[in-house]
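# show me how the following folds:
(one chain, ligands or ions: 4)
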Amino acid sequence: KAKELGRGQYFVVDDKLTEEVHERGKLQQDMRQAIERGEFRLVYHPRMCARTRKPIAAEALLRWDHPERGPIPPDQFIPIAEETGFITVLSRWVVQTAVFQLRSWMAMGLQPLPVSLNLSAADLMLQDQAQEIGALLSELEVPPSLLQVEMTESSLLSDRERVQEQLAELAGMGVELLIDDFGTGYSSLAYLHQFQVHKLKIDRSFVQRLTHAPDALLTRQIVEIGKGLGLCVVAEGVETASQADLLTAMGCDELQGFYFNKPLDLAAYQALLEEQQEAGAAPASGNAQA
Ligand code: C2E
Ligand code: MG
Ligand code: MG
Ligand code: MG
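Ligands and ions are numbered 1, 2, ... in the order given. Okay, the predicted model is just below:
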């Protein structure tokens, strides 16, 4: 009996697995056409200055509007793209779209805030990634200070020398570098200084647990480590006023999260930029470089 049950279970799992593999295969195929079909778009999630609570940058986040399945969240298709290597094609689209968008805001007479985008390990291992980004920026006359690159700790470890070379070149031209989801990977503080990183983005999980005393201590220590390394510390996933206030008191420089905004579509984000500009005030950071 037990054996039969065991076999039965085996087949159930197997069916599910087959279906899943099939599903992934379909998504992989669809993804290749999705770029030409214009199914991808970027949304913009503002990052606030902790002190002034005004937007000082935005993170570009990828969205896929699948014609049959509707919106597919990035957590569902980025991992597939990373497995197949298609991510580098997708990232090229993200970089181009973001830089073209910056160009177009400038052409409209808006003062765009810096845009950060997410690159994967495979992107950072491309030998001419930095050069390609640099060429695009200069071709469109977009100041490199308007572009920032986010990467996770694990992508720094993939092929250190190659990644380090690309990052050094990006930093050299004035593109700021952020470590994303900080605290969740294999952080070795020893290697952090080898990379010319500018900002640490503390992972949302630490922000969520802020109200529990022992976890708050951990978050505080992470902020202190970042400050100790001379880095700008950003908190992501800020959902409440008390989280925002605690993080500000701990010394976080920038805050991002649903408490301030959901990621905004192009029209809404542009409206925010216009509003900012009409408010007339100088950019919130107080250290805006032209
Ligand atoms: P991430 O880079 O850590 O981006 C932050 C994610 O947290 C975003 O989800 C954002 O919408 C969400 N988030 C921000 N604030 C809050 C909050 O207060 N509460 C909650 N519950 N969530 C918040 P999203 O857009 O679904 O992206 C998920 C992940 O997918 C990103 O995590 C990033 O790893 C990846 N991703 C998104 N766009 C791209 C891209 O263009 N390229 C690559 N390689 N990865 C991307
Ligand atoms: Mg990110
Ligand atoms: Mg993150
Ligand atoms: Mg993430």
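
# look up the closest residue to the residue nearest in space to the middle of the chain, ignoring the ones flanking it.
By CA atoms, centre = their mean, the chain has its centre lying nearest to Asn118, at 3.9 Å. Sequence neighbours aside, Glu150 is the residue nearest to Asn118 in space, at 4.8 Å (criterion: CB to CB, 6 or more residues apart in numbering). C-betas here are computed from N, CA, C, even on glycine.

# bridged to that neighbour, which residues?
Note on Glu150: beta-bridge partners by DSSP bridges are Asn118, Leu178.

# next one, pLDDT for His193 please.
Note on His193: pLDDT of 77.

# and Leu140, by the same measure?
Looking at Leu140, its pLDDT reads 98.

# what does Gln166 give?
On pLDDT, Gln166 comes in at 96.

# then Arg63?
98.

# which strand or helix spans it?
Per DSSP states H and E: Arg63 is located in strand 55-66.

# and stretch 35-49, what's buried?
Neighbour counts using 16 or more other CB atoms under 10 Å place Glu39, Phe40, Leu42, Val43, Tyr44, His45, Pro46, Arg47, Met48, Cys49 of stretch 35-49 among the buried residues.

# right, is that stretch up against ligand 2?
No: against ligand 2, stretch 35-49 shows no contacts by CB under 5 Å from the ion, the least distance being 8.6 Å.

# tell me the spacing between the residue nearest to Asn118 and Gln166.
For Glu150, the distance to Gln166 (CB to CB, to the nearest Å) stands at 14 Å.

# Ile179 now?
Distance of Ile179 to Gln166, computed by CB to CB: 15 Å.

# who has more neighbours, the two?
Between Ile179 and Gln166, counting by other CB atoms under 10 Å, Ile179 is the more crowded of the two (26 against 23).

# hang on, the more buried one packs against Thr152?
Yes: at 7.2 Å, Ile179 counts as touching Thr152 under the criterion of CB atoms under 8 Å.

# was I right to think Glu59 contacts Asn261?
No: Glu59 lies out of contact with Asn261 (CB under 8 Å); the separation is 10.8 Å.

# around the closest residue to ligand 2 within the stretch 1-150 of the chain, count how many other residues there are.
Across the stretch 1-150 of the chain, the shortest distance to ligand 2 (CB to the ion) belongs to Glu150, at 4.1 Å. When neighbours are defined as other CB under 10 Å, Glu150 has 21 of them.

# how about the residues of the stretch 1-150 of the chain by ligand 1?
His45, Leu61, Leu62, Pro73, Pro74, Asp75, Ile78, Val94, Leu117, Asn118, Ser120, Glu150 (CB under 6 Å from any ligand atom).

# which among the residues you listed count as buried?
Buried members of these, counted by 16+ other CB under 10 Å: His45, Leu61, Leu62, Ile78, Val94, Leu117, Asn118, Ser120, Glu150.

# now the fourth one: how far from ligand 3?
This points to Ile78. Here the criterion is CB to the ion, to the nearest Å. By it, Ile78 lies 12 Å from ligand 3.

# which residues touch that residue?
Leu62, Ile87, Ser120 (CB atoms under 8 Å, 6 or more residues apart in numbering).
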